[in-house]
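Novice: take this sequence and fold it.
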Amino acid sequence: MSFHVVIPARAASTRLPDKPLLDIGGVPMVVRTANQARLSNAEKIVIATDDVRIVQAAQAHGHEAVLTRTDHATGTDRLAEVVQLLGLPDDALLVNVQGDEPLIEPELINTVAHLLQGAPDAAMATCAAPIHDADTLFNPNAVKVVCDLQGRALYFSRAPLPWARDALAGGKQVLASGLPALHHIGLYAYRAHFLRRFTQLQMGVLEHYESLEQLRALENGHTIVVAKVAALPHGGVDTQADLARVRELVSQKMM
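Specialist: Purely as a prediction, here's the structure:
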């Protein structure tokens with residue numbers, strides 16, 4: 001199986017300015033993410049960014065990087081530009097690994113790439129893990145996905161899904177016993193030809209309200225297959241608290 005990993009990395013961040021360049025154990029965050037991706041079965045790792053400083057940091061640590069436009073609305077749009085810049089064939093497989101995932105598990109990258117390769121009718125592949133507590137189910141920052149019996153995504157939402165009518169009667173916020181609730185993990189695999197098409201797809205009403213770009217694929221009739229994994233990986237870095245947690249974990253591994 002042959003696939004590429006593309007790591008979109010924007011310098012602009014409201015909560016953590018210059019986030020991809022933040023130091024984690026002596027290495028910029030985006031470089032540490034790329035180092036983890038290098039441990040997967042990917043043929044090529046490419047960091048895609050709109051900031052020359054990130055290009056320079058990547059190259060200084062032996063990683064390939066490309067400078068992309070500054071006006072991309074989503075990371076998927078940035079990946080589509082990378083497909084054009086690298087001249088990839090339509091059947092090339094790409095895995096989108098966010099630049100703020102310095103602890104990403106290489107095997108998880110392999111999993112989504114393998115899943116898409118084995119699903120020729122699908123436009124995308126992603127993954128999800130079981131939800132074990134009500135707090136996660138009702139947390140709008142934890143995206144939920146519901147699937148059909150073949151593991152194809154039916155819907156993604158920030159709302160608590162599936163809705164266990166009887167267990168949640170009267171305004172209760174509990175996790176019903178046996179509820180097949182899944183926490184979506186924001187890791188995606190695509191074929192190059194779909195990425196080229198994605199930029200032309202119309203944003204639907206659901207994507208607009210949920211602010212979830214994967215809904216654009218579903219609303220336009222494309223299939224997303226979902227790998228169900230046993231547990232969530234280490235979370236990415238969105239806040240100062242996340243940064244402190246990841247720095248501590250890396251420090252422990254280095255000792």
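Novice: show me where the stretch 151-255 of the chain has its helices.
Specialist: Under the criterion DSSP state H, counting those that start in this stretch, the stretch 151-255 of the chain contains helices at 192-198, 205-210, 214-219, 240-254.
Novice: who wins for proximity to residue 158 among the ones you listed?
Specialist: With Cβ to Cβ as the criterion, residue 158 lies closest to helix 205-210 of the helices of the stretch 151-255 of the chain, at 6.0 Å. No exception for glycine: its C-beta is placed from N, CA and C like everyone else's.
Novice: on that earlier part again, check the helices of the stretch 151-255 of the chain for me: which has the lowest mean pLDDT.
Specialist: Lowest mean pLDDT within the helices of the stretch 151-255 of the chain: helix 240-254, at a mean of 90.
Novice: circling back: got JSON lines for the helices of the stretch 151-255 of the chain, with distance to residue 33 too?
Specialist: Below are the helices of the stretch 151-255 of the chain laid out as JSON lines (distance: least, Cβ to Cβ, whole Å):
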{"stretch": "helix 192-198", "distance to residue 33": "20"}
{"stretch": "helix 205-210", "distance to residue 33": "26"}
{"stretch": "helix 214-219", "distance to residue 33": "20"}
{"stretch": "helix 240-254", "distance to residue 33": "11"}
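Novice: deepest of these, which one?
Specialist: Greatest average neighbour count among those goes to helix 214-219 (a mean of 21), per mean count of other Cβ atoms under 10 Å.
Novice: ok, and what's touching whichever helix or strand residue 30 is part of?
Specialist: If you go by DSSP states H and E, residue 30 is part of helix 29-38. With Cβ atoms under 8 Å, 6 or more residues apart in numbering as the test, helix 29-38 has contacts from 5, 7, 9, 19-25, 27, 45, 47, 49, 54, 57-58, 61, 63, 97-106, 109, 237, 250.
Novice: residue 133: which of the helices of the stretch 151-255 of the chain is closest?
Specialist: When the helices of the stretch 151-255 of the chain are compared by Cβ to Cβ, helix 240-254 sits nearest residue 133, at 18.6 Å.
Novice: re earlier: check the offset of the helix holding residue 30 from the chain's centre.
Specialist: 14 Å (Cα atoms, centre = their mean, to the nearest Å).
Novice: go on, stretch 205-218?
Specialist: 15 Å.
Novice: what's it in contact with?
Specialist: Contacts for stretch 205-218 (Cβ under 8 Å, 6+ apart): 74, 76, 123-124, 126, 143, 153, 155-158, 188, 198, 201-204, 219, 224.
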